[in-house]
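[1] Coordinates for the following, if possible.
(chains A and B)
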Amino acid sequence: MRLINGQIYIKVLFFGTALAGKTTVLNWIYHNIIPKEMKKTTDITSISTSFGQTMLFDFVPIKVSENINFRFFTTTGQDYYAGTRKLLFQDVDGVFYIVDSQRSEFEHNKEFVEEFYQHVNTFFKSIKNIDVVVLYNKQDLEDIYPSSYLAKELSLEKFYSYKTCGVSGKNLKLAFSRMIKLCLRRAASHPAYKIVI
Amino acid sequence: MPREIKDVLDDILQNAPGVIGSILIDVDGIPICISGRFELPAEELGALLAACFTSYAQVGTDLGQELSTVMTEYKSLKLYQMGMPRGGLIIIADKDAYLGMIRLEAKRAIGELTNLMDISEQSRKELMSKHKFRAPSEEEIKDIISKFM
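    Residues are numbered from 1 along each chain as shown, chains lettered A, B, ... in the order given. Reported below is the predicted structural model:
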């Protein structure tokens, strides 16, 4: 959380395996939830590969009140770009953890949980220092694991979670509101901002 | 009157021929101060430039080298980006601007900006009172959430 020129900046990351739906979810949120007057850019800023997958990040800045700004970043899910994924964890306040619910992605999800906790230990010391909302995405597809099974097997039970579909937007309003509320409450109760100027 | 960040950026615009704008960003790309004109929204520009710089810095780390500057030439623009503690300075100039002059101005400015951004415990308190900072109330949080539902 940063305080710059009297403005609070809160950074939220979308993290998860390749093709889990991070960019799709951010797109749905951008076009269906965020009111026009809060948007600071005309569209999502993306640095993508030649075949359309996120290479570095997608970025959406919004201003929710007179002095509070949120900045949303998606990470790349491609292992090839794992180095850049780590860089985005710096100074993060909230993480949307996107789980691809398909059975075929289970092992990949396990690897990412491990990576997630590594980043948490590196950048935040404790998971208590960030807010996490888990989205069990693609719950509309067949051949998926139930969210309760995934939560237990991936050790994600302690976080707020929602069964979502990034394409239809199912439960995304609830999940998004939850994240905003958690981050704002943290801002209200722990004003330990990194003041830049 | 004590000099402020804006004065330092304005000086670059004045002193280096061909410079059309400069922007000071924090390490994450949040715009701290802008001088001159930019085609892109400052926040978008800041995020992209911070990402580029961080990527080059990572390459440097892998090579055992510290990154100080990134220079980019576009068809009709030059972009000069210099790292500094807690952020970076970006100068955008016409294609005919002298890089040597820009480099000189950037170095001078970085020294002054680093001092201006030196946040001690005392200046932190002063900033908090100067900006009349207030944390969001429960009512304000409810109001914000209602706009998403």
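
[2] Okay, strands next: where are they in chain B?
    For chain B, the strands defined by DSSP state E occupy B:19-26, B:31-36, B:69-73, B:77-84, B:87-94.

[3] Tell me where the longest strand sits in chain A.
    Across chain A, the longest stretch assigned as strand under DSSP E is strand A:54-65.

[4] so what secondary structure elements neighbour it?
    If you count contacts as 3 or more Cβ pairs under 8 Å, 6 or more residues apart in numbering or on different chains; DSSP states H and E, strand A:54-65 packs onto helix A:22-32, strand A:45-48, strand A:68-74, helix A:82-87, helix B:42-63, helix B:138-146. C-beta: built from backbone N, CA, C; applies to glycine.

[5] what about 10 Å?
    Contacting strand A:54-65 under the criterion 3 or more Cβ pairs under 10 Å, 6 or more residues apart in numbering or on different chains; DSSP states H and E are the following elements: strand A:7-16, helix A:22-32, strand A:45-48, strand A:68-74, helix A:82-87, helix A:172-189, helix B:42-63, helix B:138-146.

[6] Could you export the shortest one as CSV, CA atoms only?
    Spelled out, that is strand A:45-48. Once non-C-alpha atoms are left out, strand A:45-48 reads as follows in CSV (Å, rounded to 0.1, in the frame of the first residue of the first chain):
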residue,chain,number,x,y,z
THR,A,45,-3.3,-2.4,-20.9
SER,A,46,-1.7,-5.7,-21.9
ILE,A,47,1.7,-7.0,-22.8
SER,A,48,0.9,-10.3,-24.6
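
[7] Could you pull out the buried residues of that strand?
    Neighbour-count burial for strand A:45-48, counted by 16 or more other Cβ atoms under 10 Å in any protein chain shown, picks out A:45, A:46, A:47.

[8] What is the nearest of those residues to chain B?
    Proximity of the buried residues of strand A:45-48 to chain B (Cβ to the nearest Cβ) peaks at residue A:45, which lies at 5.1 Å.

[9] residue contacts, the residue nearest to that closest one when sequence neighbours are not counted?
    Once flanking residues are discounted, residue A:45 sits nearest to residue A:59: 4.3 Å by Cβ to Cβ, 6 or more residues apart in numbering or on different chains. Residue A:59 makes contact with A:26, A:41, A:44-47, A:71-74, A:88, B:29, B:43-44, B:46-48, B:51 under the criterion Cβ atoms under 10 Å, 6 or more residues apart in numbering or on different chains.

[10] cool, residue A:93 as well?
    Each residue near residue A:93 by Cβ under 10 Å, 6+ apart is listed here: A:1-2, A:8-13, A:70-71, A:124, A:129-131, A:179, A:182-183, A:186-187.

[11] residues near the residue of chain A found nearest chain B, how many?
    Chain A approaches chain B most closely through residue A:6 (3.4 Å), counting by Cβ to the nearest Cβ. Burial measure for residue A:6: 15 neighbouring residues, criterion other Cβ atoms under 10 Å in any protein chain shown.

[12] From residue A:63, how far out is it?
    According to Cβ to Cβ, to the nearest Å, residue A:6 and residue A:63 sit 13 Å apart.

[13] Next: residue B:7.
    For residue B:7, the distance to residue A:63 (Cβ to Cβ) stands at 27 Å.

[14] now residue B:50
    When distance is defined by Cβ to Cβ, residue B:50 is 19 Å away from residue A:63.
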